[in-house]
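Structure for this input, please:
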Amino acid sequence: MASKAEKKEGIWETVKTVFWALIIAGIFRTLFFQPFWIPSGSMKDTLLIGDFLFVNKMAYGYSAVSCPFSMCPIDGRILGSDPERGDVVVFRHPTRGVDFIKRVIGLPGDRIQMRDGRLIINDEPVQYEDQPDFIEVKSRQGSQQLMPRCVNDPVPDGGECIKTRMTETLPNGVSHDVLNIVDGWIADNTNVFTVPEGSYFFMGDNRDNSEDSRFPAVSGGLGFVPAEYLIGRADRIMFSSAGKSLLYFWTWRGDRFFKAIH
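Modelled structure (predicted):
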């Protein structure tokens, strides 16, 4: 039978083990990866509400908002490569101080425009290919209990919510699905945006349900995102739950576990 001293020593060893495990996990999170839950439907069907992923913070190096050390750059990045068109990126909103996730559409110097719901980059329309409709259940989703919008609204609770889907191919060959809910939406036709040096133009894949660079920051939108606000690239979904809480195991989406993000 263990003595009181042995029991006390065993408890102390457990406390030390837990302490160092938390320290290591904190360092790992700070230096290399940051967890991120998808809270909204702005990136459907690439990312769904309830997807959980780790953000690769080393993909673009450390920025002013992601550097873990006191010697972070005031602006720009250190030790990183540049984002590529089509990357899915987590970044800090330049004026709100909250984290967003969108797709890189415009690089520094690019001219971006939407015309009749189609993307034009540097005066060249991108390629589109029709795909089968994206269909989901019309019901409240995620911890915020958001209700999806549908092409075929009004749709009763529990009914089929339809969005038109196309594959969009960017000039560098990156392809991804985009969704459409309504034609003639406010951001389906825009002026030409010229991306400033050191900044990026972001859009959500769920085009009619995304607050992105098509809306200027001065009016409460996103606008251009300077490089120093980039946190990292989203490469893979680790876990996914369609329920209000991840504890609702019967709502887990097993087919999305460890799914690569394109």
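
Measure how buried Pro47 is and give me the count.
That one is not Pro; residue 47 is Leu. By other C-beta atoms under 10 Å, the residues close to Leu47 number 26. Every residue, glycine included, has its C-beta placed from N, CA and C.

Quick check: the gap between it and Pro154.
Distance, Leu47 to Pro154, using C-beta to C-beta, to the nearest Å: 26 Å.

And for Asn56?
Asn56 sits 41 Å away from Pro154, going by C-beta to C-beta.

and these two? which has more neighbours close in?
With neighbours defined as other C-beta under 10 Å, Asn56 and Pro154 compare such that Asn56 has more, 18 against 7.

Would you mind listing the buried residues in stretch 94-103?
Across stretch 94-103, burial judged by 16 or more other C-beta atoms under 10 Å covers 94, 99-103.

Help me confirm that Asp208 is found in a helix?
Yes. Read with DSSP: H, G, I helix; E, B strand; the rest coil, Asp208 is one of the residues of a helix.

measure Pro171 to Ile105 for me?
Counting by C-beta to C-beta, the gap from Pro171 to Ile105 is 10 Å.

ugh, wrong one, Asp208
Computed as C-beta to C-beta, the Asp208 to Ile105 distance reads 15 Å.

which neighbours do Pro171 and Ile105 share?
Common contact partners of Pro171 and Ile105 (C-beta atoms under 8 Å, 6 or more residues apart in numbering): 85, 121.

Can you name the residues bridging to the nearest residue to Glu160 once chain neighbours are set aside?
In space, Glu160 comes closest to Ile135 once its chain neighbours are excluded; the distance is 5.4 Å by C-beta to C-beta, 6 or more residues apart in numbering. Ile135 has these beta-bridge partners by DSSP bridges: Ile162.

tell me the helices in the stretch 1-150 of the chain, going along the chain?
4-31 (DSSP state H, counting those that start in this stretch).

my read: Tyr86 touches Glu168, true?
No, residue 86 isn't Tyr; it's Gly. No. Taking contacts as C-beta atoms under 8 Å, Gly86 lies outside contact range of Glu168: 9.4 Å.

hang on, the earlier thing: closest to Phe52 out of the buried residues of stretch 94-103?
Nearest to Phe52 among the buried residues of stretch 94-103, counting by C-beta to C-beta, is Ile101 at 12.0 Å.

ok now do that closest one, which residues does it touch?
36, 38, 43, 47, 88-91, 234 are the contacts of Ile101 under C-beta under 8 Å, 6+ apart.

Show me where the stretch 1-150 of the chain has its strands.
33-37, 51-56, 62-63, 77-78, 88-92, 99-106, 111-115, 118-121, 124-125, 127-137 (DSSP state E, counting those that start in this stretch).

Comparing those by mean pLDDT, which bottoms out?
Among the strands of the stretch 1-150 of the chain, strand 77-78 has the lowest mean pLDDT, at a mean of 55.

if we can go back for a sec, pull out the buried members of the contacts of Ile101.
Neighbour counting with 16+ other C-beta under 10 Å marks 36, 38, 43, 47, 88-91, 234 as buried within these.

distance of the one residue sitting closest to the centre of the chain from Ala234?
The centroid of the chain falls nearest to Ile101 when counting by C-alpha atoms, centre = their mean (2.6 Å). Separation of Ile101 from Ala234 (C-beta to C-beta): 6 Å.

Could you tell me how many residues sit around Val155?
Residues near Val155, counting by other C-beta under 10 Å: 18.

cool, Trp37 as well?
Trp37 has 15 nearby residues by other C-beta under 10 Å.

Contacts only, for the nearest residue to it once chain neighbours are set aside.
Nearest non-adjacent residue to Trp37, counting by C-beta to C-beta, 6+ apart: Phe52, 5.5 Å away. Contact analysis of Phe52 by C-beta under 8 Å, 6+ apart lists 35-38, 237-241, 246.

With that, I have no additional questions.
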